[in-house]
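> Structure for this input, please:
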Amino acid sequence: MIKLTVSFFSILLSFQSVSYAAGFDCSLNTLNETEATICGNSYLDGLDNMSNKLFTKAKNNTLSLGILINDQKAWVKNRNKCGSNYECIKNIYLERNVILSRTSEFKSVSDEFNSDDITYDESNESDENNKNEDKKTNANGYSLIYNQWLVKNISEAPIKSDNFNKNIRTGDWEVLSHLNIDNNVFFFFKVNTNKSSSYLILVSDYPGESVIISKYDSNGYQSPEIQVIKKGNDYLTYSVNNVYDDKTGRRTNKYYRVDFSNLKNIKSNDIDASWIKSKVTEVVNADEIAGLMSEYKNQAKKNNDWMGYCDEKLCRSNTASANKKWHVASGDYEGVYIFPEDRPDISTNVFFDKKKYETVNFSYGDNFDWGNENQFFFSITGSPAGLWKTDIDKKTTENILSVSQASKPYYFRFNDVDYVLSYFDEDFYFNNFFVSKDIEK
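Numbers count the residues shown, from 1 in each chain. Below you'll find the predicted structure:
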């Protein structure tokens, strides 16, 4: 009986000093006692095969690859402590396989959503030759394509906290930002649970648990507003407005920094309330706060109040690209227009021609986000609904998630692959968020 490590394991083992793969070659004479026991028992061999399959599936679907690998390394060490004990080996595999199976899988749009939720627009938007095809071209030469990305739900994670509040799950969730830390994506969500309380929540997709960073209360006034005012590669600084200060008995503004610098080898058991709170410090220096807010306001001013002409109609944009080359706007529910920087008179519609859509909210961040380089994402609330991606260089506008309730695109990049987090407004009781993955990678 020969057991071979899957190709992904062999690739990573070439630069990993410690093996984390469950699979191994039973023909080797260097097997340890536990490995030899597995090779000599068909049931344990089957558990090991299944563990390899589940690990590979998790690796291909998780946004927390670092945690997955570090957990696996620790698990292999614990497994090898079983020696030749059959029950010990069996139980440790069964427990591990349950955990690996919890990683949610990226699926096709048709597999993830009900057919009633999926909306494809097959109307004739251009010439007769392009009618009822997946690809159409508008008057400015932009190809309009239906190219559905893979998608998975990340909203079903339970809250991991000693002070669990059952109302958090049914609160009003909003993604604020994310950080890529040690090969893991951490999302930061603001959650309003009532008229006076807000939570900051850390969410990762593996092992599928969320952690409350902190709760902020206004003592009956209104939900404190949480905003990210500065972000680096491994940290972010945020402000909390109208939070009640027990010491002074007044509402005030607070400032905090979440710092993951020099953080390595994170495991799932590390991520709890005490761990995340150890990464958060309050910013109290008045000069530092003034500098942070000045920088934040100057950046916001650069993006706001730019006006141009969508065709011949005046339209407003607060969506300047990071490279300062472009503005995007929409006027009177017609078209999606790009402008070269500082040229309000040169507009190009990248969307459908001669039909009105609910696109007026492109002036607002929750309906639009810039992507990688000269790409951007937007959502449409009317037909053709869903999320769209425009690539200015390729002159394409793709429908990547054709679901009527999808909105609020939030772009991020992980391991050289493009992803978009979006809000799905179907369940009036729960807020649902889905991650779409570029199918070309």
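> switch to C-alpha atoms for all contacts and neighbour counts from now on
Fine.
> Give me the helices and strands touching whichever strand or helix holds residue 88, please.
For residue 88, the element it lies in under DSSP states H and E is helix 86-101. Counting contacts by 3 or more CA pairs under 8 Å, 6 or more residues apart in numbering; DSSP states H and E, helix 86-101 is packed against helix 42-61, helix 65-80.
> Run the angle between it and helix 42-61 for me.
Computed by axes from the mean of the first three to the mean of the last three CA atoms, to 10 degrees, the angle separating helix 86-101 from helix 42-61 equals 20 degrees.
> what's the closest of the helices and strands packed on helix 86-101 to residue 136?
Closest to residue 136 of the helices and strands packed on helix 86-101 is helix 42-61 (CA to CA; 31.9 Å).
> Alpha carbons of the closest one, as CSV, please.
Extracted C-alpha coordinates of helix 42-61, given in CSV (Å, rounded to 0.1, in the frame of the first residue of the first chain):
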residue,chain,number,x,y,z
SER,A,42,-6.9,0.0,6.2
TYR,A,43,-9.4,2.0,8.3
LEU,A,44,-6.8,4.5,9.5
ASP,A,45,-5.4,4.6,5.9
GLY,A,46,-8.9,5.6,4.7
LEU,A,47,-9.1,8.3,7.4
ASP,A,48,-5.8,9.7,6.3
ASN,A,49,-6.9,9.7,2.6
MET,A,50,-10.0,11.6,3.6
SER,A,51,-8.0,14.1,5.7
ASN,A,52,-5.8,14.8,2.6
LYS,A,53,-8.9,15.5,0.5
LEU,A,54,-10.5,17.8,3.1
PHE,A,55,-7.2,19.7,3.6
THR,A,56,-6.8,20.2,-0.1
LYS,A,57,-10.4,21.4,-0.4
ALA,A,58,-9.9,23.8,2.5
LYS,A,59,-6.7,25.1,1.0
ASN,A,60,-8.4,25.9,-2.3
ASN,A,61,-11.3,27.7,-0.6
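> May I see the buried residues of it?
For helix 42-61, the neighbour count (16 or more other CA atoms under 10 Å) marks 44-45, 47-59, 61 as buried.
> isn't residue 180 right next to residue 234, touching?
Yes. In terms of CA atoms under 8 Å, residue 180 counts as a neighbour of residue 234; the distance is 7.2 Å.
> quick one: which of those two has more around it?
residue 180 (19 against 16; other CA atoms under 10 Å).
> ok, now which ones touch the more buried one?
Each residue near residue 180 by CA atoms under 8 Å, 6 or more residues apart in numbering is listed here: 186, 233, 234, 414.
> Bridged to it, which residues?
Counting by DSSP bridges, residue 180 forms beta bridges with residue 185.
> The chain should start at 22 in everything you say after this.
Understood, numbering begins at 22; the last thing we discussed is residue 201.
> Include distance to residue 334 when you put the helices and strands packed on helix 107-122 into JSON lines, please.
Formatted as JSON lines, those follow (distance: least, CA to CA, whole Å):
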{"stretch": "helix 63-82", "distance to residue 334": "45"}
{"stretch": "helix 86-101", "distance to residue 334": "48"}
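> per the record, what domains does this structure have?
Domain segmentation of the chain under automatic domain parsing yields 28-122, 130-173+326-458, 186-319.
> Give me the distance from the last one to the chain's centre.
Relative to its parent chain, domain 186-319 has a centroid offset of 16 Å by CA atoms, centre = their mean, to the nearest Å.
> Looking at that domain now, give me its mean pLDDT.
Averaged over domain 186-319, pLDDT sits at 91.
> tell me the strands in the stretch 222-371 of the chain, going along the chain?
For the stretch 222-371 of the chain, the strands defined by DSSP state E, counting those that start in this stretch cover 231-238, 246-252, 256-266, 271-280, 301-303, 327-331, 334-338, 347-352, 355-361, 369-370.
> Contact partners for residue 235?
220, 221, 222, 298.
> In this structure the first one contacts residue 196, no?
No. The pair residue 220 / residue 196 is not scored as a contact, 11.8 Å apart, by CA under 8 Å.
> Quickly list what's touching both of those two.
Common neighbours of residue 220 and residue 196, using CA under 8 Å, 6+ apart, are residue 211.
> doesn't residue 250 make contact with residue 314?
Yes. Judged on CA under 8 Å, residue 314 makes contact with residue 250 at a distance of 7.2 Å.
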